[in-house]
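> predicted model, plus sequence, below.
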Amino acid sequence: MGFMDDAQIWAMIGAFTTLMLGTLTVVTTTFVRVLRSELGGMRTELNTQIGGMRNELNAQIGGVRNELDAQIGGMRNELNAQIGGLRGEMNGRFDAVNTRIDALDRDVQALVKRTFGLDRE
């Protein structure tokens with residue numbers, strides 16, 4: 001005279017097992033959905049952060065590139081001016097040496113004419 005017979009006990013075990021498996025399925029499905037949602041949010045946030053860092057890095061590199069280009073351009077102009085000045089100074093000195101050589105040549109010819117009485121032209 002038990003409370004329930006064997007069929008009822010097995011029916012209760014089956015119902016309880018079904019209820020537990022259903023609950024486990026719902027909890028697992030919900031957990032997976034929440035996890036996917038969070039991972040998707042993190043992926044979006046990381047992509048946004050990485051994109052921002054990429055843009056900032058590109059801006060910094062562009063600034064450095066522009067600054068280096070300006071510095072190199074300034075150095076090039078300064079070097080060209082220095083070379084131009086040196087060229088002008090050297091040409092002036094070469095002209096002075098040529099003038100002295102021409103005068104020396106004229107003096108040597110005059111000495112030869114005077115000393116030897118010859119006209120060597």
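It's in. Here the structure is a predicted model, which means the values were calculated and not measured. Residues are numbered from 1 along each chain as shown.
> so which residue is dead centre in this structure?
Nearest to the mean C-alpha position of the chain, by C-alpha atoms, centre = their mean, lies Ile61 at 4.5 Å.
> backbone phi and psi for Gly22, please?
phi -60, psi -40 (degrees, to the nearest 10).
> would you mind putting the CA coordinates of stretch 89-108 into CSV?
Provided in CSV are the C-alpha atoms of stretch 89-108 (Å, rounded to 0.1, in the frame of the first residue of the first chain):
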residue,chain,number,x,y,z
GLU,A,89,84.0,82.7,-53.9
MET,A,90,86.1,80.0,-55.8
ASN,A,91,85.3,81.5,-59.2
GLY,A,92,86.3,85.0,-57.9
ARG,A,93,89.6,83.6,-56.6
PHE,A,94,90.3,81.7,-59.8
ASP,A,95,89.6,84.9,-61.8
ALA,A,96,92.1,86.7,-59.6
VAL,A,97,94.7,84.0,-60.1
ASN,A,98,94.1,84.1,-63.9
THR,A,99,94.5,87.9,-63.9
ARG,A,100,97.8,87.5,-62.0
ILE,A,101,99.0,84.8,-64.4
ASP,A,102,98.1,87.0,-67.4
ALA,A,103,100.0,89.9,-65.8
LEU,A,104,102.9,87.6,-65.0
ASP,A,105,102.9,86.4,-68.6
ARG,A,106,102.9,89.9,-69.9
ASP,A,107,105.8,90.8,-67.5
VAL,A,108,107.8,87.8,-68.6
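> mind listing what's buried along that stretch?
Along stretch 89-108, no position meets the burial threshold by neighbour count (16 or more other C-beta atoms under 10 Å). Any C-beta I mention is one placed from the backbone N, CA and C, and that applies to glycine too.
> can you list the low-confidence ranges for this protein?
Low-confidence segments of the chain (pLDDT under 70): 1-2, 118-121.
> the helices in this structure, which residues?
6-116 (DSSP state H).
> Trp32: what's it in contact with?
Check again: residue 32 is Val, not Trp. If you count contacts by C-beta atoms under 8 Å, 6 or more residues apart in numbering, Val32 has none.
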